[in-house]
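In: Have a look at this fold, sequence not included:
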């Protein structure tokens, strides 16, 4: 079932329930008034009957003549019963109904009663005359009321069904109008392919509604997809180039060595070059594997104390570079658990190690400053060097795989470390902030969410 038909049916059902409650309430209200009005007629008829049979000597001639005129105006299938104080029938016509003594006692006790007996409505009054108290019971059938109520029910039913039909087709029209912007979005998305991810959905400039919010969300998704495809293309191109270079060197060294007889020293040098390029190739492959690993959701997280992890990274880097100075500023909290986060220890070690290794490499022997602290936002690690810095034009590109800033080309490297670090931070819902000035140094601020 299409959404348009489903919306039409839901709207029709909702309207049907509301209309049914409204019509049912109106019907019972009207029926109550009809019954009440008929009881009023019965009560008036009982008074007229009591005056006709019992009050001739108590009424003036004009009033009694008025009673005589009203008396023949009987109700449909009217039955009259008159009893004295001893519950003995008086003035009862042959076709009258004989009532049980319990009903007569109820009339005496309440002075006036109303009740139903099947389709017949009954009223009873306690009438006091100069000749003594009497009980008058009058019953009749409200045929006109029944007829009118039946017609009202039929009219309401017809109105109900016609209203549902009109509501359903009106709902189809309104649902089509409401869904037309979504159909427009669908038609626009049909023409977007991997080669045309630069297309964007139209968004209103004057006002923003739910459809515009949906379009904005899709545009953001398209933008991320476009960036992802561009990064993937750049990654493949750069990776192919980086992998081709050592392979070409290895093949060239081997081919040259096989062309002519050479001395053992030349063969040793060739093997040294091959080993060097093989190590380079192995490093690139391992880095690529690490980069792929960070793009896979890892649920095997554990509690990690980030201050201890930072000290491990610093100790390892200092052991590899004993001539370099790394200064760590450690804030001692009252509760040491504030430095604990959930994550993958190996990947976090790689992320911090890459930042610290770059700081040492590009600081040209100057002091590298590390700081760790925690606040309401999470755990913060700041690594700052006083090295060559990064040009402003390159700051937005340094996290792309294999990208190397113009100021870093004279240093050894492959441009994979920062891309790997950013993926690890994303995997841990962390963020990286970078501030840098050429010639003055660079500051990396790692923020891990509070656990």
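Out: Yep, it's here. Just so you know, these numbers come straight off a predicted model, no measurement behind them.
In: roughly how far apart are residue 358 and residue 313?
Out: According to Cβ to Cβ, to the nearest Å, residue 358 and residue 313 sit 13 Å apart. For glycine as for every other residue, the C-beta is placed from the backbone atoms N, C-alpha and C.
In: On the C-terminal side of the helix or strand of the chain with the lowest mean pLDDT, identify the next helix or strand.
Out: Every helix and strand of the chain was ranked by mean pLDDT, DSSP states H and E. The lowest is helix 61-70, at a mean of 59. Tracing the chain C-terminally past helix 61-70 and defining elements by DSSP states H and E, one meets strand 79-84 next.
In: what about residue 52, neighbour count?
Out: Look at residue 52: counted by other Cβ atoms under 10 Å, it has 18 neighbours.
In: Specify the local secondary structure of it.
Out: Recorded secondary structure, residue 52: helix (DSSP: H, G, I helix; E, B strand; the rest coil).
In: With residue 108 as the reference, measure out to it.
Out: Distance from residue 52 to residue 108, by Cβ to Cβ: 22 Å.
In: Next: residue 437.
Out: Taking Cβ to Cβ, one finds residue 437 at 109 Å from residue 108.
In: Between these two, which is the more surrounded one?
Out: The neighbour count for residue 437 versus residue 108, taken as other Cβ under 10 Å, is higher for residue 108 (15 against 12).
In: and the more buried one, what is it in contact with?
Out: Contact analysis of residue 108 by Cβ atoms under 8 Å, 6 or more residues apart in numbering lists 126, 133, 135.
In: Assumed it was part of a helix.
Out: Yes: Residue 108: assigned to a helix according to three-state DSSP.
In: mind showing which ranges of the stretch 101-250 of the chain have poor pLDDT?
Out: Applying pLDDT under 70 to the stretch 101-250 of the chain picks out residues 194-197, 207, 227-228, 230-243, 245.
In: Please enumerate the strands of it.
Out: Applying DSSP state E, counting those that start in this stretch to the stretch 101-250 of the chain gives strands spanning 112-117, 120-129, 132-141.
In: On the pLDDT front, check residue 412 for me.
Out: Per-residue confidence at residue 412 stands at 67 (pLDDT).
In: ugh, wrong one, I meant residue 21
Out: Residue 21 carries a pLDDT value of 91.
In: I'd like the distance between it and residue 204.
Out: 39 Å.
In: Residue 388 too?
Out: 48 Å.
In: Compare neighbour counts for the two and give me the winner.
Out: Ranked by neighbour count (other Cβ under 10 Å), residue 388 and residue 204 place residue 388 first, with 21 against 11.
In: Could you dump the strands of the stretch 101-250 of the chain into TSV with mean neighbour count and distance to residue 318 added?
Out: Putting the strands of the stretch 101-250 of the chain into TSV (neighbours: other Cβ atoms under 10 Å; distance: least, Cβ to Cβ, whole Å) gives the following:
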stretch	mean neighbour count	distance to residue 318
strand 112-117	13	102
strand 120-129	19	106
strand 132-141	20	109
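In: Can you show me the helices along the protein?
Out: 3-54, 61-70, 101-110, 143-190, 210-259, 264-293, 306-320, 345-362, 417-427 (DSSP state H).
In: Counting by contacts, list what the first one packs against.
Out: The reference is to helix 3-54. Contacts defined by 3 or more Cβ pairs under 8 Å, 6 or more residues apart in numbering; DSSP states H and E place helix 3-54 against helix 61-70, strand 79-84, strand 112-117, strand 120-129, strand 132-141, helix 143-190.
In: Tabulate the ones you listed in a markdown table, adding columns for distance to residue 347.
Out: A markdown table is the format used below for the helices and strands packed on helix 3-54 (distance: least, Cβ to Cβ, whole Å):
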| stretch | distance to residue 347 |
| --- | --- |
| helix 61-70 | 103 |
| strand 79-84 | 98 |
| strand 112-117 | 84 |
| strand 120-129 | 88 |
| strand 132-141 | 90 |
| helix 143-190 | 36 |
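In: Residue 441 is nearest to which of those?
Out: helix 143-190 (46.4 Å; Cβ to Cβ).
In: relative to strand 120-129, how tilted is the closest one?
Out: Comparing the axes of helix 143-190 and strand 120-129 via axes from the mean of the first three to the mean of the last three Cα atoms, to 10 degrees yields an angle of 140 degrees.
In: Centre of the chain to helix 143-190, how far?
Out: 28 Å (Cα atoms, centre = their mean, to the nearest Å).
In: residues in contact with residue 360?
Out: 317, 321, 324, 326, 368, 385.
In: any idea how far residue 157 lies from residue 23?
Out: Distance from residue 157 to residue 23, by Cβ to Cβ: 8 Å.
In: Between the two, point out the one with more neighbours.
Out: Taking neighbours as other Cβ under 10 Å, residue 157 and residue 23 compare with residue 23 leading, 18 against 11.
In: residues near the residue nearest to that one when sequence neighbours are not counted, how many?
Out: Nearest non-adjacent residue to residue 23, counting by Cβ to Cβ, 6 or more residues apart in numbering: residue 156, 4.8 Å away. Using other Cβ under 10 Å, residue 156 has 18 other residues around it.
In: What's the separation between residue 156 and residue 146?
Out: 16 Å.
In: you'd agree residue 31 is up against residue 150?
Out: No: contact criterion Cβ atoms under 8 Å: residue 31 and residue 150 do not qualify, at 10.9 Å.
In: Between these two, tell me which one has more neighbours.
Out: The neighbour comparison of residue 31 against residue 150 (other Cβ under 10 Å) goes to residue 31, with 15 against 10.
In: So for that one, what's the pLDDT?
Out: Residue 31 is given a pLDDT of 86.
In: Tell me the spacing between it and residue 153.
Out: Distance from residue 31 to residue 153, by Cβ to Cβ: 9 Å.
In: repeat for residue 419
Out: 77 Å.
In: neighbour count winner among these two?
Out: Remark: of residue 419 and residue 153, residue 419 carries more neighbours, 21 against 14, as counted by other Cβ under 10 Å.
In: pLDDT score assigned to that one?
Out: 80.
In: pretty sure it is touching residue 399, no?
Out: Yes: at 5.5 Å, residue 419 and residue 399 qualify as touching, with contact defined as Cβ under 8 Å.
In: what's the spacing between residue 365 and residue 325?
Out: 8 Å.
In: Distance of the spatially closest residue to residue 50 that is not a sequence neighbour relative to residue 111?
Out: Nearest residue to residue 50, sequence neighbours excluded (Cβ to Cβ, 6+ apart): residue 127, at 4.2 Å. According to Cβ to Cβ, residue 127 and residue 111 sit 10 Å apart.
In: How about residue 37?
Out: From residue 37 to residue 111 the distance is 21 Å (Cβ to Cβ).
In: likewise residue 137?
Out: 13 Å.
In: do residue 145 as well
Out: Taking Cβ to Cβ, one finds residue 145 at 26 Å from residue 111.
In: Also residue 6?
Out: In terms of Cβ to Cβ, residue 6 sits 61 Å off from residue 111.
In: same question, residue 104
Out: Counting by Cβ to Cβ, the gap from residue 104 to residue 111 is 13 Å.
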